[in-house]
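Asker: pasting the sequence and the predicted coordinates here, then a few questions.
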Amino acid sequence: MNKNSTKNPRKIKVGKKFIGPEEPVFIIAEIGNNHNGDLNMAKKLIMEAAWIGADAVKFQKRTLSEVFIQDMLSRPQTSSRALGATYGEYRQKLEFNERQLKELRKLAHSLGLIFFVAPFDLKSAAMLNNVRMDAWKIASFDLTHMPLIEYIAQRKQPVFLSTGMAGEDEIDEAVNLILKHNDQLIINHCVSVYPTPDEDLNLGAVETLIKKYSRFPIGYSGHEIGFTPTIVAVSLGAKVIERHFTLDKSLPGPDHATVSLDLAEFSEMIRQIRRIEKAVLDKKIYLHEKEIPHRQKHGKSLVARTAIPAGAKITAKMVCCKSPGYGMKAGLMKKLIGKKAKVDISADTVIKKEDVNW
């Protein structure tokens, strides 16, 4: 592990936004392949992501001959949700060219969104370098693809690294390679099971990554059904959330129904994230000023159990603890016993410090 990964936490600037300490959780709407190769659908997804409050949109780019062997591309598609007769036809339908991606970037920027794409091969990465994205994404599939990782790191732009399908040594290797060229790194805990059962989410790894790579923001790229575990990741300290986003779960394609959130779900997830990040922001222990009225009403004070005449020596039988809580603290009982009353103290009234000769 690179020693630079264990320094004090820092903020990473992505576009006009910051990720890190004291910043809002950065929320990525992973459009991925959910546009189904339709440019207008991709634009609609971007507009909806902006409307519901996402910070960024992310797509994917593959040069099929560089990513898959021909045997894989030629395999027939048997699913009723497939978009082509073969795997190659299906995957090709999902690819946008440079001009289209620039058009999508322009739209995203006009709506205040960060725009980036995950390349799955070097040829796609070279093309994306011309698109002028705000950041780069290294997908879990390519965490061990060192030539691709090095090319991306050398662009000197923010890098989101997902950790699915890898052990700690492989993650360390990828991190160290990136840090040789670039320290603008965000690491996202990820489990590449689609969808991921609760027992396999391994959310405790978020805290492990925060401790191990304390210098960098740690996020969560989730593939579970629903979003409750995503909210838990935020409470554990995740500063980035990436979730697949769809217009309609009934659309054909592998991700719509299995790992994606629709508009209503994504919107509610964001609302809950914004609520949770406020709830876990303050880590100090103290008496909150808004608690004071309740403490004064329901807290416990030292109260005269019986009437105590002026000059009388106060005994334990003369005192009890009752509400309200604006009098002497109940914890001062032992100090009070043996002192003399300065004034007459009526029965069942709060004892004040000025009522006693100390």
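Answerer: Nice, I can see it. All values derive from a computational prediction rather than experimental measurement. Numbering: from 1, shown residues only.
Asker: break this structure down into its structural domains.
Answerer: Domain assignment for the chain by automatic domain parsing gives 3-279, 289-357.
Asker: residue 27 is in contact with residue 274, correct?
Answerer: No: between residue 274 and residue 27 there is no contact under CB atoms under 8 Å: 9.2 Å. C-beta here means a position set from N, CA and C on the backbone, and glycine is covered the same way.
Asker: in the chain, where is pLDDT below threshold?
Answerer: The chain contains residues with pLDDT under 70 at 1-7, 80-81.
Asker: relative to its centroid, which residue of it is most remote?
Answerer: residue 311 (63.5 Å; CA atoms, centre = their mean).
Asker: what residues does that one make contact with?
Answerer: Residues in contact with residue 311, defined by CB atoms under 8 Å, 6 or more residues apart in numbering, are 340-341.
Asker: can you pull out the helices in this protein?
Answerer: Secondary structure of the chain (DSSP state H): helices located at 39-52, 64-67, 70-74, 87-93, 98-110, 122-129, 146-153, 168-179, 204-212, 228-235, 263-279, 292-298, 333-336.
Asker: TSV please, covering those and showing distance to residue 254.
Answerer: Output for the helices of the chain, formatted as TSV (distance: least, CB to CB, whole Å):
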stretch	distance to residue 254
helix 39-52	16
helix 64-67	16
helix 70-74	15
helix 87-93	9
helix 98-110	21
helix 122-129	20
helix 146-153	23
helix 168-179	25
helix 204-212	25
helix 228-235	20
helix 263-279	18
helix 292-298	53
helix 333-336	68
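Asker: how near is residue 349 to residue 327?
Answerer: Using CB to CB, to the nearest Å, one gets 9 Å for the distance from residue 349 to residue 327.
Asker: any common contacting residues for these two?
Answerer: With CB under 8 Å, 6+ apart, residue 349 and residue 327 have common neighbours residue 303.
Asker: between those two, who's got more neighbours?
Answerer: Neighbours were counted for residue 349 and for residue 327 using other CB atoms under 10 Å; residue 327 has more, 22 against 15.
Asker: doesn't residue 355 make contact with the more buried one?
Answerer: No: if you go by CB under 8 Å, residue 327 and residue 355 don't touch, sitting 9.4 Å apart.
Asker: is residue 244 in a bridge, and if so with what?
Answerer: On the basis of DSSP bridges, residue 244 is bridged to residue 30, residue 260.
Asker: isn't it up against residue 262?
Answerer: No: counting by CB under 8 Å, residue 244 stays clear of residue 262, with 10.3 Å between them.
Asker: can you pull out the strands in the stretch 251-358 of the chain?
Answerer: 260-261, 301-304, 319-322, 340-341, 356-357 (DSSP state E, counting those that start in this stretch).
Asker: could I get those strands in JSON lines, plus columns for distance to residue 177 and mean neighbour count?
Answerer: Output for those, formatted as JSON lines (distance: least, CB to CB, whole Å; neighbours: other CB atoms under 10 Å):
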{"stretch": "strand 260-261", "distance to residue 177": "31", "mean neighbour count": "24"}
{"stretch": "strand 301-304", "distance to residue 177": "64", "mean neighbour count": "22"}
{"stretch": "strand 319-322", "distance to residue 177": "64", "mean neighbour count": "17"}
{"stretch": "strand 340-341", "distance to residue 177": "77", "mean neighbour count": "16"}
{"stretch": "strand 356-357", "distance to residue 177": "71", "mean neighbour count": "16"}
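Asker: closest one to residue 162 among these?
Answerer: Checking the strands of the stretch 251-358 of the chain against residue 162 by CB to CB gives strand 260-261 as the closest, at 16.5 Å.
Asker: check which helices and strands that closest one sits against.
Answerer: strand 240-245 (3 or more CB pairs under 8 Å, 6 or more residues apart in numbering; DSSP states H and E).
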